[in-house]
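Asker: Next input, structure requested:
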Amino acid sequence: MEVNKIIPPQTNPIVIKSQPVNEFVRKYNIQHLPTTQVNNKNDFQGKVEVFTRDAGLYKGPLGTPVMADITFESVTYTDFITGVKKTTKKITLINVLINVSQAKKIITTEIQGRNGTIKEYIGLDDYNVNINGFIIANNGQSTKSDMIDLQNMCNARVQIPVTCDFLNSFGIFNIVIKDYTFNQEAGGYSKQPFTINALSDEDVVLKIM
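Answerer: Below you'll find the predicted structure:
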(Lines give C-alpha, C1' and ligand atoms only; values in the text may rest on other atoms or scores of the structure.)
Protein backbone atom coordinates (compact mmCIF):
# COMPACT_ATOMS: atom_id res chain seq x y z
CA MET A 1 0.00 0.00 0.00
CA GLU A 2 1.45 3.27 -1.04
CA VAL A 3 1.27 6.17 1.38
CA ASN A 4 1.17 9.62 -0.08
CA LYS A 5 3.83 11.89 1.46
CA ILE A 6 2.79 15.35 2.43
CA ILE A 7 5.21 17.82 0.97
CA PRO A 8 5.12 21.20 2.69
CA PRO A 9 4.72 24.15 0.41
CA GLN A 10 7.93 25.89 -0.62
CA THR A 11 8.38 29.25 1.04
CA ASN A 12 10.92 31.89 0.30
CA PRO A 13 13.30 32.65 3.23
CA ILE A 14 12.89 35.96 4.96
CA VAL A 15 16.05 38.02 4.66
CA ILE A 16 16.51 40.72 7.30
CA LYS A 17 19.20 43.21 6.59
CA SER A 18 21.66 44.05 9.29
CA GLN A 19 20.52 47.04 11.31
CA PRO A 20 20.69 48.32 14.89
CA VAL A 21 18.88 46.10 17.40
CA ASN A 22 16.68 48.89 18.72
CA GLU A 23 15.52 49.73 15.18
CA PHE A 24 14.88 46.05 14.54
CA VAL A 25 12.63 45.77 17.64
CA ARG A 26 10.69 48.89 16.73
CA LYS A 27 10.18 47.96 13.06
CA TYR A 28 8.98 44.38 13.64
CA ASN A 29 7.20 45.11 16.92
CA ILE A 30 9.08 42.42 18.77
CA GLN A 31 8.58 42.47 22.51
CA HIS A 32 10.77 41.11 25.30
CA LEU A 33 13.76 40.74 22.99
CA PRO A 34 16.97 41.18 24.96
CA THR A 35 19.06 43.92 23.51
CA THR A 36 22.76 44.53 23.84
CA GLN A 37 23.74 47.96 24.99
CA VAL A 38 27.06 49.32 23.89
CA ASN A 39 29.36 50.20 26.76
CA ASN A 40 30.63 53.65 25.97
CA LYS A 41 32.65 53.88 29.18
CA ASN A 42 36.30 54.72 28.71
CA ASP A 43 38.34 52.05 30.48
CA PHE A 44 41.15 54.56 30.92
CA GLN A 45 38.93 57.21 32.52
CA GLY A 46 40.65 58.47 35.64
CA LYS A 47 43.74 56.36 34.99
CA VAL A 48 45.58 58.61 32.54
CA GLU A 49 47.74 61.24 34.18
CA VAL A 50 47.70 64.74 32.77
CA PHE A 51 51.16 66.28 32.47
CA THR A 52 52.02 69.94 32.33
CA ARG A 53 54.87 70.79 30.00
CA ASP A 54 57.75 72.91 31.21
CA ALA A 55 57.42 76.45 29.98
CA GLY A 56 61.06 76.76 28.90
CA LEU A 57 63.54 79.46 29.79
CA TYR A 58 62.65 81.96 27.06
CA LYS A 59 61.86 82.19 23.35
CA GLY A 60 64.66 81.56 20.87
CA PRO A 61 65.32 83.47 17.60
CA LEU A 62 62.77 81.26 15.80
CA GLY A 63 60.11 81.83 18.44
CA THR A 64 60.44 78.33 19.89
CA PRO A 65 61.01 77.78 23.62
CA VAL A 66 64.62 77.31 24.73
CA MET A 67 64.67 74.47 27.26
CA ALA A 68 68.38 74.59 28.14
CA ASP A 69 71.36 76.84 27.54
CA ILE A 70 74.82 77.59 28.90
CA THR A 71 76.19 80.98 29.92
CA PHE A 72 79.88 81.71 30.26
CA GLU A 73 80.10 84.59 32.70
CA SER A 74 82.40 87.57 32.09
CA VAL A 75 85.81 87.38 33.78
CA THR A 76 88.62 89.90 34.24
CA TYR A 77 92.21 88.76 34.57
CA THR A 78 95.76 89.97 34.01
CA ASP A 79 97.77 88.25 31.32
CA PHE A 80 100.97 87.30 33.12
CA ILE A 81 102.92 87.36 29.85
CA THR A 82 101.95 90.82 28.61
CA GLY A 83 100.78 92.30 31.91
CA VAL A 84 97.63 93.56 30.18
CA LYS A 85 94.31 93.36 31.99
CA LYS A 86 91.66 91.67 29.86
CA THR A 87 87.90 91.22 30.25
CA THR A 88 85.88 88.63 28.39
CA LYS A 89 82.29 89.07 27.26
CA LYS A 90 79.37 87.24 28.80
CA ILE A 91 78.29 84.60 26.28
CA THR A 92 75.04 82.61 26.21
CA LEU A 93 74.71 79.68 23.81
CA ILE A 94 71.53 77.69 23.13
CA ASN A 95 72.74 75.33 20.39
CA VAL A 96 74.91 73.06 22.53
CA LEU A 97 75.15 69.46 23.68
CA ILE A 98 77.12 68.72 26.83
CA ASN A 99 78.75 65.49 28.00
CA VAL A 100 79.93 65.05 31.57
CA SER A 101 82.12 62.22 32.86
CA GLN A 102 83.96 61.59 36.09
CA ALA A 103 86.61 59.11 37.18
CA LYS A 104 87.58 57.87 40.62
CA LYS A 105 91.10 58.30 41.93
CA ILE A 106 92.27 54.81 42.86
CA ILE A 107 95.79 53.69 43.73
CA THR A 108 96.54 50.09 42.77
CA THR A 109 99.32 48.12 44.45
CA GLU A 110 100.71 44.82 43.19
CA ILE A 111 101.60 42.12 45.74
CA GLN A 112 103.84 39.21 44.90
CA GLY A 113 102.04 35.87 44.93
CA ARG A 114 98.59 37.44 44.80
CA ASN A 115 96.38 37.68 41.76
CA GLY A 116 95.11 41.13 40.89
CA THR A 117 95.97 44.27 42.81
CA ILE A 118 95.10 46.01 46.05
CA LYS A 119 92.89 49.04 45.37
CA GLU A 120 92.94 52.11 47.53
CA TYR A 121 90.19 54.62 46.87
CA ILE A 122 91.37 58.16 47.62
CA GLY A 123 88.64 60.33 46.13
CA LEU A 124 86.91 61.57 43.01
CA ASP A 125 88.70 63.15 40.07
CA ASP A 126 87.59 66.35 38.34
CA TYR A 127 84.62 66.18 36.01
CA ASN A 128 85.49 66.07 32.32
CA VAL A 129 83.16 68.43 30.46
CA ASN A 130 82.75 68.21 26.70
CA ILE A 131 80.71 70.96 25.02
CA ASN A 132 79.71 70.65 21.37
CA GLY A 133 77.68 73.36 19.72
CA PHE A 134 77.15 75.95 17.02
CA ILE A 135 77.42 79.69 16.78
CA ILE A 136 74.49 80.75 14.61
CA ALA A 137 74.32 84.11 12.83
CA ASN A 138 71.56 85.55 10.66
CA ASN A 139 71.33 83.98 7.23
CA GLY A 140 74.07 85.37 4.99
CA GLN A 141 75.98 86.97 7.88
CA SER A 142 79.37 85.89 9.22
CA THR A 143 79.89 84.39 12.68
CA LYS A 144 83.36 85.97 12.97
CA SER A 145 82.54 88.46 15.73
CA ASP A 146 80.85 85.88 17.98
CA MET A 147 83.62 83.37 17.26
CA ILE A 148 86.28 85.87 18.41
CA ASP A 149 84.35 86.50 21.64
CA LEU A 150 84.17 82.77 22.32
CA GLN A 151 87.85 82.32 21.48
CA ASN A 152 88.84 85.10 23.89
CA MET A 153 86.82 83.37 26.59
CA CYS A 154 88.52 80.05 25.86
CA ASN A 155 91.95 81.74 26.06
CA ALA A 156 91.28 83.22 29.49
CA ARG A 157 93.93 82.10 31.97
CA VAL A 158 91.46 81.72 34.82
CA GLN A 159 88.49 79.55 35.66
CA ILE A 160 85.24 80.45 33.91
CA PRO A 161 82.01 80.63 35.94
CA VAL A 162 79.17 78.86 34.12
CA THR A 163 75.42 79.10 34.53
CA CYS A 164 73.79 75.95 33.16
CA ASP A 165 71.10 73.81 34.75
CA PHE A 166 72.69 70.63 33.42
CA LEU A 167 76.20 71.39 34.71
CA ASN A 168 74.97 72.98 37.93
CA SER A 169 73.02 69.80 38.73
CA PHE A 170 76.42 68.04 38.98
CA GLY A 171 77.73 70.76 41.26
CA ILE A 172 79.79 72.26 38.44
CA PHE A 173 79.82 76.06 38.65
CA ASN A 174 83.32 76.76 37.34
CA ILE A 175 85.33 75.19 34.54
CA VAL A 176 88.92 75.41 33.33
CA ILE A 177 89.18 75.03 29.56
CA LYS A 178 91.83 72.56 28.36
CA ASP A 179 91.41 72.91 24.61
CA TYR A 180 88.92 73.97 21.97
CA THR A 181 88.31 73.41 18.27
CA PHE A 182 86.63 75.45 15.53
CA ASN A 183 85.87 73.56 12.31
CA GLN A 184 84.66 74.91 9.01
CA GLU A 185 81.76 73.29 7.20
CA ALA A 186 81.02 73.47 3.49
CA GLY A 187 78.19 75.94 2.95
CA GLY A 188 78.20 76.88 6.64
CA TYR A 189 79.02 80.58 6.28
CA SER A 190 76.46 81.57 8.92
CA LYS A 191 77.08 78.57 11.19
CA GLN A 192 80.28 77.88 13.10
CA PRO A 193 80.63 74.54 14.94
CA PHE A 194 82.91 74.32 17.96
CA THR A 195 84.08 71.84 20.59
CA ILE A 196 85.29 72.77 24.07
CA ASN A 197 86.97 70.33 26.46
CA ALA A 198 87.20 71.46 30.06
CA LEU A 199 87.64 70.33 33.65
CA SER A 200 85.44 71.23 36.58
CA ASP A 201 87.05 73.50 39.16
CA GLU A 202 86.19 74.32 42.73
CA ASP A 203 87.14 77.36 44.73
CA VAL A 204 89.77 76.58 47.35
CA VAL A 205 89.14 78.15 50.72
CA LEU A 206 92.28 78.65 52.79
CA LYS A 207 91.75 78.77 56.51
CA ILE A 208 94.47 80.75 58.27
CA MET A 209 94.94 79.75 61.89
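Asker: Parallel or antiparallel, which strands does the top strand by length along the chain pair with?
Answerer: Taking DSSP state E as the criterion, the chain has its longest strand at strand 117-136. Strand 117-136 has the following strand partners under DSSP bridges: strand 96-110 (antiparallel), strand 191-200 (antiparallel).
Asker: Please list the outside residues in contact with the first one.
Answerer: Contacts of strand 96-110 from elsewhere in the structure, counted by C-beta atoms under 8 Å, 6 or more residues apart in numbering, are 69-70, 117-134, 164, 166-167, 170, 172. (Each C-beta comes from the backbone N, C-alpha and C, glycine too.)
Asker: Next one, pLDDT for Asn130 please.
Answerer: Confidence at Asn130, expressed as pLDDT, is 97.
Asker: Next, the contact list for it, please.
Answerer: Contact analysis of Asn130 by C-beta under 8 Å, 6+ apart lists Ile98, Asn99, Val100, Ser101, Thr195, Ile196, Asn197, Ala198.
Asker: Out of these, which end up buried?
Answerer: The neighbour count (16 or more other C-beta atoms under 10 Å) marks Ile98, Ile196, Asn197, Ala198 as buried among the contacts of Asn130.
Asker: Any chance of those residues in CSV with pLDDT and distance to Ile107 as columns?
Answerer: Listed next are the buried ones among the contacts of Asn130 as CSV, based on pLDDT from 0 to 100; distance: C-beta to C-beta, whole Å:
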residue, pLDDT, distance to Ile107
Ile98, 96, 30
Ile196, 97, 31
Asn197, 97, 26
Ala198, 97, 26
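Asker: Go through those residues and name the one nearest Gln159.
Answerer: Ala198 (9.4 Å; C-beta to C-beta).
Asker: didn't that closest one look like it was pressed against Ile131?
Answerer: Yes. Between Ala198 and Ile131 a contact is recorded at 7.1 Å, counting by C-beta atoms under 8 Å.
Asker: Quick check: Asp201 touching Ile177?
Answerer: No. Between Asp201 and Ile177 there is no contact, the gap being 10.1 Å when judged by C-beta under 8 Å.
Asker: I'd like the distance between Lys59 and Met67.
Answerer: 11 Å (C-beta to C-beta, to the nearest Å).
Asker: Which of those two has more residues huddled nearby?
Answerer: Higher neighbour count among Lys59 and Met67: Met67, with 13 against 10, using other C-beta atoms under 10 Å.
Asker: which residues does the more buried one contact?
Answerer: Applying C-beta under 8 Å, 6+ apart, the residues near Met67 are Asp54, Gly56, Leu57.
Asker: repeat for Phe134
Answerer: Contacts of Phe134 by C-beta under 8 Å, 6+ apart are Asn95, Val96, Lys191, Gln192, Pro193, Phe194.
Asker: What confidence value was assigned to the residue lying closest to Ile91 once chain neighbours are set aside?
Answerer: Nearest residue to Ile91 in three dimensions, chain neighbours excluded: Phe72, at 4.6 Å (C-beta to C-beta, 6 or more residues apart in numbering). Looking at Phe72, its pLDDT is 96.
Asker: Much appreciated, bye for now.
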